[in-house]
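Engineer: Predicted structure and sequence below. I'll ask about it afterward.
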Amino acid sequence: MFSEWLDFQTGYEAYWSANSSLFANNLFPDSTVLVQYTSGLGSPWIHKVGQVFDMKALPLQVQYSTPFSRTESFQIDSIQIGVLYNRVNLSPTQFDTLIVEVVLPSSVNLSSLLQFSAASAVATNLTGGQSPVRFSELKWTYNTNSTPGVTAIYKVPIGDAFFADSTSNGLHFASIAANLPVPVPADSNLHGVFSVNYSFKPGYSWNLNSDTLGVSINSLRFLSWELNGQNTYPNYLGDLQTAYILPIDVRYNQAGSWNGRFIPSYAYMGSTSSFAYENHLAFVKISQTNSIGIDDLDQTSVNFYPNPASQILNITVPKGSSTVVLRSALGQVVKKDIIDGIENLVLDISNLEPGIYFIEIDGVESKSKVIKL
């Protein structure tokens, strides 16, 4: 039984011994109110945010205490989102709303891939210029103010009690019991990929271009991690896990080539590294029965050592096996051997990148992780 609370930042810090910085920015459904910036009053520019979770992402996998199968469906049991809620107008009868959406992969929302070429500033800084940077896209329909393919919508009333129930540092956490089964899509890139989107709906009217968020009217700020600390680039592993934002110009179909899609936070980095929205503060609890995998391991009696490994991997397989395949966390075949009978294989893994790999015997994926140092 797989059952884990997961978030990207915890695993990221654990794997790379990194220190993350937390930043906040405003959410608002329209741009007709004002925000107090350091440079003066201006319009809020982010309409909605999205956090894509990719169960193949290494910073998620290092949090697993039991095996997760990418070929089986799973369940999103719970969602928790961290925000900053500034409630300046206290009233027991007035409620604002946090709207949370769960989006599953399909041909209309997460199946299309956006690439930054290896020559781009983003790709060069995130991957050393060795390969394109690839992101899944969240689609957007401006005339209906909606994301295609939304599977579930949760509307969380937030009022005086929510405002008073904060952590010692002022953060507020909205918890949702999702109980949402997630089917496995046909596209192998999207096995274990889903998105959690959220936005803010005020429970009041406001005066155009005169009321100020957090001063005269209530406001909600979303929280995001700058993963390696401020003014640094994250270590990007080629998975689809990343943060998205829906700017006001996209909301109103004025964003040129970006119209109709959320914008990956990495797109704002350019040649500098100061942009802070690399992953939003969101947690998910995932469960899976693992009806395939553990029993198959017992039947095939796969043994391998050392683990972690740096140069070679010794694998003992049962009699009658024909093939051994080593796959990357993205499902790519990195090693393959044809065998006959009981064999003690020695695989040279010295040329593999550090990360997590999986052993596959005759097409049955092992649920034990091989960690390459």
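Structural biologist: Perfect, I can see it now.
Engineer: pLDDT weak spots in the stretch 1-150 of the chain?
Structural biologist: 126-131 (pLDDT under 70).
Engineer: where do the helices sit along it?
Structural biologist: According to DSSP state H, counting those that start in this stretch, the stretch 1-150 of the chain carries its helices in the segments 8-16, 58-61, 121-127.
Engineer: Between those helices, which one is closest to Thr93.
Structural biologist: Ranking the helices of the stretch 1-150 of the chain by proximity to Thr93 (CB to CB) places helix 8-16 first, at 36.9 Å. No exception for glycine: its C-beta is placed from N, CA and C like everyone else's.
Engineer: how does this protein divide into domains?
Structural biologist: Taking automatic domain parsing as the reference, the chain has its domains at 2-288, 294-372.
Engineer: any chance of these in a markdown table, plus mean neighbour count?
Structural biologist: Putting the domains of the chain into a markdown table (neighbours: other CB atoms under 10 Å) gives the following:
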| stretch | mean neighbour count |
| --- | --- |
| domain 2-288 | 18 |
| domain 294-372 | 16 |
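Engineer: Need the helices of the stretch 1-150 of the chain in a markdown table (columns: distance to Gly159).
Structural biologist: Below are the helices of the stretch 1-150 of the chain laid out as a markdown table (distance: least, CB to CB, whole Å):
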| stretch | distance to Gly159 |
| --- | --- |
| helix 8-16 | 29 |
| helix 58-61 | 33 |
| helix 121-127 | 41 |
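Engineer: Tell me which of those helices lies nearest to Phe74.
Structural biologist: Among those, helix 58-61 comes nearest to Phe74, with 12.4 Å by CB to CB.
Engineer: Who are the packing partners of the closest one?
Structural biologist: In terms of contacts (3 or more CB pairs under 8 Å, 6 or more residues apart in numbering; DSSP states H and E), helix 58-61 is packed against helix 8-16, strand 355-361.
Engineer: which strands and helices sit next to the first one?
Structural biologist: It refers to helix 8-16. Using 3+ CB pairs under 8 Å, 6+ apart as the contact criterion, the neighbours of helix 8-16 among helices and strands are helix 58-61, strand 219-226, strand 279-280.
Engineer: Give me the angle between it and strand 355-361.
Structural biologist: Using axes from the mean of the first three to the mean of the last three CA atoms, to 10 degrees, the direction of helix 8-16 lies 90 degrees away from that of strand 355-361.
Engineer: Leu227 is in contact with Leu281, correct?
Structural biologist: No. Using CB atoms under 8 Å as the test, Leu281 is too far from Leu227 to be in contact (11.9 Å).
Engineer: What residues does the residue most central in space within the chain make contact with?
Structural biologist: A centroid search over the chain (CA atoms, centre = their mean) returns Phe53, at 2.9 Å, as the residue closest to the centre. If a contact means CB atoms under 8 Å, 6 or more residues apart in numbering, then Phe53 has 6, 8, 60, 193-196, 241, 284 as its contacts.
Engineer: What of Glu137?
Structural biologist: Contacts for Glu137 were tallied using CB under 8 Å, 6+ apart; they are 109-110, 112-114, 261-262.
Engineer: tell me which of those residues is nearest to Gln36?
Structural biologist: Comparing those against Gln36 with CB to CB picks out Phe262 as the nearest, at 26.2 Å.
Engineer: Now the closest one. Its backbone dihedrals?
Structural biologist: Reported as degrees, to the nearest 10, the phi and psi values for Phe262 are phi -70, psi 160.
Engineer: Might one say that it is in contact with Gly50?
Structural biologist: Yes. Applying CB under 8 Å, one finds Phe262 in contact with Gly50, separated by 5.3 Å.
Engineer: shared neighbours, those two?
Structural biologist: Contact criterion CB under 8 Å, 6+ apart; residues shared by Phe262 and Gly50: 138, 244-246.
Engineer: Distance check, the nearest residue to Asn89 once chain neighbours are set aside against Ala329.
Structural biologist: With CB to CB, 6 or more residues apart in numbering as the criterion, Asn89 has its nearest non-adjacent residue at 5.9 Å, and that residue is Asn218. The gap separating Asn218 from Ala329 is 42 Å, by CB to CB, to the nearest Å.
Engineer: With Ile286 instead?
Structural biologist: Remark: distance between Ile286 and Ala329 (CB to CB) = 16 Å.
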